[in-house]
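Participant: sequence-free structure coming up:
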């Protein structure tokens, strides 16, 4: 297993960050790429990283938990309308989920299933949270990050 890139992000435009701009942490190179995108894009008015807590029911642990989505940001569209978007950055394989009927149901496969089921519950709660506030929820994978 390769070590994930982690560290502290130093924005060039700290005034755009809502929260402690001196303590922005990333847990992957993909999160770092998205932070750089938020920081440099003119249409991004403000952004946050793991500042929002959303309650969800974890069907694996069978209890309520808090979920901190990766990003929340506001941007001005080309038509002048300001939109707020909640973003989760995940590998495409986690968004697609594990195979439904593998040849061998290993411990690793079972962990993937649990992760997928838990993530689905988180993302459903995030989508509802956004719908209640007129915001958007977006899952971003390495494919979409490559287009930013």
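Facilitator: Okay, I see it. Given the structure is predicted, the values throughout are model-derived calculations rather than measurements.
Participant: Who are the contact partners of the nearest residue to residue 17 once chain neighbours are set aside?
Facilitator: Beyond its immediate neighbours in the sequence, the residue positioned closest to residue 17 (Cβ to Cβ, 6 or more residues apart in numbering) is residue 11, lying 5.6 Å away. Every C-beta, even on glycine, is put in place using the N, C-alpha and C of the backbone. Residues counted as contacts of residue 11 (Cβ atoms under 8 Å, 6 or more residues apart in numbering) are 17, 21, 24, 35, 39.
Participant: Backbone dihedrals for the residue lying farthest from the centre of the chain, please?
Facilitator: Within the chain, residue 103 marks the point farthest from the mean C-alpha position, 31.3 Å out by Cα atoms, centre = their mean. Main-chain torsions, residue 103, degrees, to the nearest 10: phi -60, psi -40.
Participant: what's the answer for residue 143, then?
Facilitator: Here is the backbone geometry of residue 143 (degrees, to the nearest 10): phi -60, psi -50.
Participant: Just say helix, strand or coil for the residue nearest in space to the middle of the chain.
Facilitator: Nearest to the geometric centre of the chain sits residue 88, at 1.6 Å (Cα atoms, centre = their mean). Following DSSP: H, G, I helix; E, B strand; the rest coil, residue 88 is assigned to strand.
Participant: how much space between it and residue 82?
Facilitator: With distances taken as Cβ to Cβ, to the nearest Å, residue 88 is found 21 Å from residue 82.
Participant: now residue 91
Facilitator: As judged by Cβ to Cβ, residue 91 and residue 82 stand 30 Å apart.
Participant: cool, residue 9 as well?
Facilitator: Distance, residue 9 to residue 82, using Cβ to Cβ: 24 Å.
Participant: go on, residue 52?
Facilitator: 18 Å.
Participant: okay, those two: which has more neighbours?
Facilitator: It is residue 52, of residue 52 and residue 82, that has more neighbours when counted by other Cβ atoms under 10 Å, with 16 against 10.
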